[in-house]
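[1] whatever this is, show me its structure:
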Amino acid sequence: MRIFDMHSDLFTDIAWRRNNGEKDVFDRIHYPRLVKGGVDSIICVFWVEPTFRQDPITRFRTIFQLVMEDLCTSKHVNICRSVEEMTKDANSKKINLFLGLEGVSFIEQWGSKTMGTNIETAFYELHEEKVRHAIFAWNEWNFLASGTGSENEPTQYGLTKYGEQAVQKANEMNWILDASHLDETSFWNMHHVSNQPIIASHSNAQALCQHERNLSDNQLKAIAAGGGIIGLNAYSGFVDKVNPTLDRFIDHAAYIADLVGPEYVAFGFDFIDYLSAYNLGAPFSGGTIGLEDVTKIPDLLDRMVARGFSTKEIEGISFHNAYRFIEQNMRL
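    Numbers count the residues shown, from 1 in each chain. Below is the predicted model:
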C-alpha cells in the first residue's frame, strides 16, 4: 500500500550529515527506510533549528544548499510541483518529494528594503526553486504569526498585516498553507483570510491529548469544511502524555474520522528518530511505542485493519486523501 507522508524533517538530517562530509545521504540513509515503510510521496520541510535562530537567513541558505546538492545527485528523488510531476510507475524506484517550509522567520531578513517586498521577493524566488508549502511559525512568534510553544509572550497574537499579505501571496501562487504550529488565534486568522483550503500536516485531536499543538473539534471541523486535510502526528507528546502507543495513535485517526469523515484524514508522521544525535537547541525525542520510525508503518496499517478500518478508508488515509488534496490545490 502506498503512503503519502505530509510532514518530514529528514532534510535536517541531510544537512547535518552533508556538513560533516557525507555524500548521497538521501539515497544511502533515508531511501531504504522509506521503501521499507511503503512511502511513495512525502512533503519534506526546510527548518531553521532553534540553535540558529540568531541568524536564520544564513542557516536557511546553508540548509537549502546542502540539501539541494544531495537531492540533485540522488537516483531516487523526484522533486514535484504538482501531481502531474509525480512518478506513478511503481517500478520507478523514486520517491515523490514536495518541498516545504517549517517556520519562515528568515524571510524577514531576505534583503529587500521593505518587509512587504521581502515577502514578495522571497515567495517568488522560493517558488522558482520549487517550494510549494509553508508553515509560518515553529514554536515561536515572528513578523507573520504567533505560534505555539514560544519562549516569549507574543507582542501580538494572530496574523500580522504581513502575515495576511503572506497568506494572500501563497494563495496567488497556489502554495499549500499549513496551520500546524500556529496558535489558535493565528489558525482562525489564516482560516478566514485564505481563499483556499488550509491543512494541518502534523497535528492530532486535542480531545484525546490536551496539548496546544493539537486541534480542537472546531478547528478540525473548520479544516474539513474548507476542503482541507489533517495529517496524524506520531510524536509521542501529541499522541498521549502517559501512554503513547500505536493503538492510541489509531484512536486519534478514529476520532477525527468519526468527527469530520475519513476522507479528511491523512498521515503527517513527523518522525524524529534521526534527530537525537544533533545539538539543535532543543530536545528531540519521543517516539510513539510501536510507531517509532518510518519502518514501522506496515505494522500501523495491519493494526488499523484489526481495529476495523476498511480497505478503502486505509487506502484513503494512507495516500489518496493527500493526493486528492494536492491535485486540487497545488499548481505549477
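[2] what ranges do the strands span in this protein?
    Listed in chain order, the strands found in the chain under DSSP state E are 3-8, 39-46, 77-80, 95-102, 131-135, 176-178, 198-200, 229-232, 265-267.
[3] Thr245: which of those strands is closest?
    Among the strands of the chain, strand 229-232 comes nearest to Thr245, with 13.9 Å by Cβ to Cβ. Placement of C-beta: from N, CA and C, glycine included.
[4] and the closest one, which strands flank it?
    In its sheet, strand 229-232 lies beside strand 198-200 (parallel), strand 265-267 (parallel), with partners assigned from DSSP bridges.
[5] make TSV from the ones you listed and add mean neighbour count, distance to Ala282 and mean pLDDT to it.
    Shown next, in TSV, are the strands paired with strand 229-232 (neighbours: other Cβ atoms under 10 Å; distance: least, Cβ to Cβ, whole Å; pLDDT from 0 to 100):
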stretch	mean neighbour count	distance to Ala282	mean pLDDT
strand 198-200	28	21	98
strand 265-267	28	24	99
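[6] tabulate these in JSON lines, adding columns for distance to Gly158.
    Formatted as JSON lines, the strands paired with strand 229-232 follow (distance: least, Cβ to Cβ, whole Å):
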{"stretch": "strand 198-200", "distance to Gly158": "15"}
{"stretch": "strand 265-267", "distance to Gly158": "26"}
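[7] quick check: Ala134 touching Ile176?
    Yes: taking Cβ atoms under 8 Å as the definition, Ala134 is a contact partner of Ile176 at 7.5 Å.
[8] and for the two, which residues touch both?
    Gly100, Ala170 (Cβ atoms under 8 Å, 6 or more residues apart in numbering).
[9] how about the helices in the stretch 201-332 of the chain?
    In the stretch 201-332 of the chain, the helices defined using DSSP state H, counting those that start in this stretch lie at 217-225, 236-239, 246-260, 297-306, 311-315, 321-329.
[10] can you check the stretch 51-200 of the chain too?
    Using DSSP H, counting those that start in this stretch, helices in the stretch 51-200 of the chain cover 56-72, 115-128, 161-172, 184-193.
[11] what about the residue nearest to Ile230 when sequence neighbours are not counted, distance to Asp270?
    Leaving aside its sequence neighbours, Ile230 sits nearest to Ala200 (Cβ to Cβ, 6 or more residues apart in numbering; 5.1 Å). According to Cβ to Cβ, to the nearest Å, Ala200 and Asp270 sit 11 Å apart.
[12] centre of this structure to the edge, which residue is at the far end?
    Distance from the C-alpha centroid of the chain peaks at Lys113, with 30.5 Å (Cα atoms, centre = their mean).
[13] what backbone torsions are found at that one?
    phi -80, psi -30 (degrees, to the nearest 10).
[14] what sits against it?
    With Cβ under 8 Å, 6+ apart, Lys113 has no contacts at all.
[15] I'd like the distance between it and Thr121.
    From Lys113 to Thr121 the distance is 10 Å (Cβ to Cβ).
[16] now swap in Glu84 and tell me
    Separation of Glu84 from Thr121 (Cβ to Cβ) stands at 27 Å.
[17] out of these two, which sits in the busier spot?
    Thr121 (14 against 10; other Cβ atoms under 10 Å).
[18] is it correct that the more buried one is in contact with Met115?
    No: using Cβ under 8 Å, Thr121 is not in contact with Met115, being 10.8 Å away.
[19] what touches both of the two?
    If you check Thr121 and Met115 against Cβ under 8 Å, 6+ apart, no residue is contacted by both.
[20] shaky segments in this protein?
    90 (pLDDT under 70).
[21] show me what contacts Ser8?
    Counting by Cβ under 8 Å, 6+ apart, Ser8 has contacts Ile42, Ile43, Cys44, Val45, Phe269, Asp270, Phe271.
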